[in-house]
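Asks: Requesting a structural model of the entry that follows:
(one chain, ligands or ions: 2)
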Amino acid sequence: MNSRGILFALVLVVALVLAGTGLYAMLGSMEEPAVQKAVLVAGATGEGLTPSQVVFNPPLPQDAPEDIREGVMLGYRILMDTQTYAKEYVGNQLNCRNCHFDAGRERNTLSLVGVAAKYPIYREREKYVTDLVTRTQSCFLRSMNGKRLPPEGKHMQAIMAYYHWISRGLPQYARIPWLGLKKLDSSHQADKAAGKRLYGPHCHGCHGPDGLGTVTAPPLWGPGSFNDGAGMSKLKNFAAFTYRFMPKSAPNLTVSQALDISAYILSLPRPRFQADK
Ligand code: HEC
Ligand code: HEC
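Replies: Numbers count the residues shown, from 1 in each chain. Ligands and ions are numbered 1, 2, ... in the order given. Next up is the predicted model:
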């Protein structure tokens, strides 16, 4: 090869390298939108999630991987039978499952499937970011009229393991439609005298004539019930729960009836919330 030939070869090589780099840079910039899309999918609003990613399909507690199974099972048992498994932290006759049916594994209840993907959230009550430990303490202190669990203790750790296991596969901060209690849209003025008349035929059979509970169903007022600081002690929550889920397995009240019965029940005595137990 003469010197012109060598020069030509050199120019060719440089040109090829330059073209290659350009192509690489182009490909790189083409990838960028894809990266942005991934960020959007995991974004705080759940925007961009396809419904197929938010599926109600909680795994069974006993199917948890072996190294966390003991914790997951303890968490499940605490929620099902709080009176036995976390007795020292409970101050009434309720179990978590009385409001979060099947330890929150049901869809038609105050479901807990996906809570691990929902938190931390901002809560008006704390006026700050709240995690699942704090949220759970709130149900112990108010719904269970009980005491705070040591956050690093076995009970709380087990409950967290359980929440995470039943939330498996749900994307963090996705919009999970079955979480939260859907409030009632009604302008009906709740009438507790009418509610008192409705209590007999609709609730008495399971919750007892005096609302103190039976072997079939837990108390609705009196010393064994939730305290007056509980979410359930607010008419909008109690009425929504009653309308949507009561009588258990066969809800059949009108919105107005649910509001009347709820106003009656919430006018009766219950434990007082005491901060910092
Ligand atoms: C067929 C029986 C049955 C009837 C009738 C019934 N409930 Fe219940 N209710 C239950 C059971 C059982 C639970 C606990 C669910 C569980 O642990 O799985 C419950 C739980 C509740 C709870 C949450 C736990 C608590 O005690 O605070 C409320 C509130 C409630 N019922 C309100 C009502 C109201 C109001 C009526 C009347 C409109 C009513 N229920 C009628 C069976 C019934
Ligand atoms: C008397 C009924 C009742 C009992 C008993 C109860 N809770 Fe709750 N729980 C509620 C209500 C009402 C809410 C609020 C639902 C809403 O804001 O939409 C709630 C919310 C929660 C949340 C947050 C759910 C979410 O979607 O943000 C967790 C976690 C929770 N409870 C755990 C527990 C645990 C654990 C126990 C037992 C130690 C328990 N609860 C007992 C009524 C109850």
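Asks: For residue 235, which residues are in contact?
Replies: Taking CB atoms under 8 Å, 6 or more residues apart in numbering, we find residue 235 in contact with 190, 259, 262-263, 266. For every residue, glycine as well, the C-beta is placed using N, CA and C.
Asks: repeat that for 6 Å
Replies: Contact analysis of residue 235 by CB atoms under 6 Å, 6 or more residues apart in numbering lists residue 262.
Asks: Check the one 10 residues further on too.
Replies: Going by CB under 6 Å, 6+ apart, residue 245 touches residue 251.
Asks: go on, the one 10 residues further on?
Replies: Residues near residue 255 by CB under 6 Å, 6+ apart: 184, 186, 243.
Asks: Now, these that are in helices?
Replies: Mapping the contacts of residue 255 onto helices (DSSP state H) picks out residue 243.
Asks: Check the contacts of residue 255 for burial and list the buried ones.
Replies: Those of the contacts of residue 255 that meet the buried threshold are 184, 243, by 16 or more other CB atoms under 10 Å.
Asks: Next, format the contacts of residue 255 as CSV and append pLDDT.
Replies: Output for those, formatted as CSV (pLDDT from 0 to 100):
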residue, pLDDT
184, 97
186, 96
243, 98
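Asks: Relative to ligand 1, which of the contacts of residue 255 is nearest.
Replies: Nearest to ligand 1 among the contacts of residue 255 is residue 243, at 8.8 Å by CB to the nearest ligand atom.
Asks: circling back: tabulate the contacts of residue 255 (JSON lines), appending distance to ligand 1.
Replies: As requested, the contacts of residue 255 are exported to JSON lines (distance: CB to the nearest ligand atom, whole Å):
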{"residue": "184", "distance to ligand 1": "14"}
{"residue": "186", "distance to ligand 1": "16"}
{"residue": "243", "distance to ligand 1": "9"}
